[in-house]
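Student: Got a predicted model here, sequence first, then my questions.
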Amino acid sequence: MILEVGNLDGIFVLILGIMFGPAILLALIGATYQKNNKKTAKNFFILAAVYVIISLGICGSMLA
């Protein structure tokens with residue numbers, strides 16, 4: 001069987017969503033906690049930064 005590859009824009013968008021989606025969500029959660037609990041907000045911002053660094057390494061290597 002031969003598989004034909006068509007338009008792969010959807011896969012590219014899915015990979016970008018996996019790369020940046022959770023990091024944006026963590027950053028938004030950190031922004032909501034910033035007024036009330038600065039330590040919790042800082043932890044969420046650090047988690048978002050670490051997630052972006054790791055996802056750019058893993059997903060970026062898959063895209064290359």
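Tutor: Nice, thanks for sending it over.
Student: Name all residues that make contact with the most centrally placed residue in the chain.
Tutor: Closest residue to the average C-alpha location of the chain: Phe20 at 2.5 Å, with Cα atoms, centre = their mean. Contacts for Phe20 (Cβ atoms under 8 Å, 6 or more residues apart in numbering) come out as 52, 55. For every residue, glycine as well, the C-beta is placed using N, CA and C.
Student: What strand or helix carries it?
Tutor: helix 9-33 (DSSP states H and E).
Student: Tell me which residues of that helix come out buried.
Tutor: For helix 9-33, a neighbour-count test (16 or more other Cβ atoms under 10 Å) marks 19-20, 23, 26-27, 29-30, 33 as buried.
Student: so which of those comes closest to Asn43?
Tutor: Of all those, Asn43 sits closest to Gly30, with 7.7 Å by Cβ to Cβ.
Student: any idea how far the closest one lies from Ile54?
Tutor: Distance, Gly30 to Ile54, using Cβ to Cβ, to the nearest Å: 17 Å.
Student: Same check on Leu16?
Tutor: 15 Å.
Student: and if you look at Val5?
Tutor: 28 Å.
Student: From Ile15, how far out is Leu56?
Tutor: On the measure of Cβ to Cβ, Leu56 and Ile15 end up 11 Å apart.
Student: let me redo that: Gly30
Tutor: Relative to Ile15, and taking Cβ to Cβ, Gly30 is found at 24 Å.
Student: Alright, calling it a day.
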